[in-house]
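*Asks:* got a sequence here, can you model it:
(2 chains)
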There are 2 protein chains.
Amino acid sequence: MSGFAPPVQRLVTELSKLPGIGNRTAQRLAFHILRASEEDAGALAEAIREVKERIGLCEVCFNLTDETRCRICQDPRRDQGLICVVEEPSDVIPMERTHEYHGVYHVLGGALSPIDGVDPEDLKIAELFARVDAGEPAVREVVLATNPTTTGEATALHLAEELRVRAPSVTVTRLASGLPVGSDLEYADEVTLGKALAGRRAV
Amino acid sequence: MSGFAPPVQRLVTELSKLPGIGNRTAQRLAFHILRASEEDAGALAEAIREVKERIGLCEVCFNLTDETRCRICQDPRRDQGLICVVEEPSDVIPMERTHEYHGVYHVLGGALSPIDGVDPEDLKIAELFARVDAGEPAVREVVLATNPTTTGEATALHLAEELRVRAPSVTVTRLASGLPVGSDLEYADEVTLGKALAGRRAV
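*Replies:* Coordinates of the predicted model:
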């Protein structure tokens, strides 16, 4: 577009590639960066570079870390006998936010989806089995916390079946599906409501 | 928050400083950058650095440019006798989007606001008068396209009064109202802005 110098246009283009950032928002962010101090703009550019340079995967759980083992795996207060299996590193955040989980994690790096060419070998599934098999420390329970979507459910089912055969002494659980707390029955979709009904418990 | 390695936390913090980007969105963007290829993340960091390094102000109109003079000032097809005065470089974009303006610009770098300590000396007002006074090329008309806000109106009034005294032969116009009052030029749709331009009136 006329009026944009090439470096400005390049910045707008790069910002537009971010999720949920359209062309207008990208322009607004670009003009903000242009108005910002050298320090602030430099800090943002540096943070992007640093995160790509220094962040890798934890050798135990495949969560993001800047060390060999992530903070959670290193924490002696965490229960190493309890493993929560999630799809992505970003799924660890909401679990931690509950302040009710004190075990460790295992990040698969996605969910099984044969249609998209994602097979068990493409995820950190063999590594999960190795952790359970090694038994050091002994694993008591595996919580399957993959997303309540078609692919997440398929992944949980696959893992549950495999674990039942490989490690019959390990308890395998799945996050409960049901109505979100604070929601209204009137607006619940039928699938969620059906699951809530099927999973009803005595009071 | 536990589970975030320091470089990830730093990136989230830096992203949160962008306008309209809250903590949750910053986390989402950070995880996107972590998943992105080295090339894409590098291109974004580089675009931020480049824009701060290479972009300066046009020596004539104070729009953003990577050269001494901006593309619009250099364009022989633009009418140099017609100057549109705007507050910020970002205000040039919506004007250009109307495709109805073929003159040049003058970017003030803000609006008069004595309360905030913004006086005429803090804006490129003397430079505007110098362009008009120099008369090379001769200026026929100055369109005041500051925002339809209190400070924008005050700035337009100040400029109109000064220009009437200094350059009585120059026509001074203001964008027609038709722009919603209290809004921001940057977010005006092109049709409204085009109508406002076409209906500009002498002050």
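
*Asks:* now the helix or strand of chain A with the lowest mean pLDDT - C-alpha only, PDB.
*Replies:* Here the helix or strand of chain A ranked lowest by mean pLDDT, DSSP states H and E is helix A:190-198, holding a mean of 81. Extracted in PDB, the C-alpha atoms of helix A:190-198 (Å, rounded to 0.1, in the frame of the first residue of the first chain):
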ATOM      1  CA  GLU A 190     -26.200 -31.600  23.900                       C
ATOM      2  CA  VAL A 191     -22.900 -33.500  23.800                       C
ATOM      3  CA  THR A 192     -21.600 -31.800  27.000                       C
ATOM      4  CA  LEU A 193     -24.900 -32.300  28.700                       C
ATOM      5  CA  GLY A 194     -25.100 -35.900  27.600                       C
ATOM      6  CA  LYS A 195     -21.600 -36.500  29.100                       C
ATOM      7  CA  ALA A 196     -22.600 -34.700  32.300                       C
ATOM      8  CA  LEU A 197     -25.600 -36.900  32.600                       C
ATOM      9  CA  ALA A 198     -23.600 -40.100  31.900                       C
END
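
*Asks:* list the buried residues of that helix.
*Replies:* Across helix A:190-198, burial judged by 16 or more other CB atoms under 10 Å in any protein chain shown covers A:195-196. From N, CA and C alone the C-beta is placed, and that goes for glycine too.

*Asks:* for it, packing partners?
*Replies:* Of the remaining helices and strands, none touches helix A:190-198 by 3 or more CB pairs under 8 Å, 6 or more residues apart in numbering or on different chains; DSSP states H and E.

*Asks:* do the longest strand seen in chain A and chain B meet?
*Replies:* Of all the segments of type strand in chain A, defined by DSSP state E, the longest one is strand A:79-86. No - on the criterion CB under 8 Å from any CB of the partner chain, strand A:79-86 is out of touch with chain B, staying 11.2 Å away.

*Asks:* just checking: what are the partner strands of that strand?
*Replies:* The pairing partners recorded for strand A:79-86 under DSSP bridges are strand A:103-107 (parallel), strand A:141-144 (parallel).

*Asks:* who touches that strand?
*Replies:* For strand A:79-86, contacts defined as CB atoms under 8 Å, 6 or more residues apart in numbering or on different chains pick out A:92, A:95, A:101-108, A:128, A:131-132, A:137-146, A:159.

*Asks:* rerun that using 7 Å as the cut-off
*Replies:* A:92, A:95, A:101-108, A:128, A:131, A:137-146, A:159 (CB atoms under 7 Å, 6 or more residues apart in numbering or on different chains).

*Asks:* same question, stretch A:195-202
*Replies:* Stretch A:195-202 is contacted from outside by A:176-179, using CB under 7 Å, 6+ apart.

*Asks:* among those, name the buried ones.
*Replies:* A:Gly178.

*Asks:* which of the contacts of stretch A:195-202 lies closest to A:Ala188?
*Replies:* A:Leu179 (5.7 Å; CB to CB).

*Asks:* right, and the closest one touches A:Asp189 too?
*Replies:* No - look at A:Leu179 against A:Asp189 with CB atoms under 7 Å: they stay out of range, at 10.2 Å.

*Asks:* would you tell me which one of the strands paired with strand A:79-86 is buried the most?
*Replies:* Most buried of these, by mean neighbour count (mean count of other CB atoms under 10 Å in any protein chain shown): strand A:103-107, with a mean of 23.

*Asks:* what's downstream of that one, the next helix or strand?
*Replies:* Going down the chain from strand A:103-107, the next helix or strand is helix A:125-134, by DSSP states H and E.

*Asks:* quick one: work out the angle between that following helix and strand A:103-107.
*Replies:* 150 degrees (axes from the mean of the first three to the mean of the last three CA atoms, to 10 degrees).

*Asks:* before I go, just wanted to say thanks for your time.
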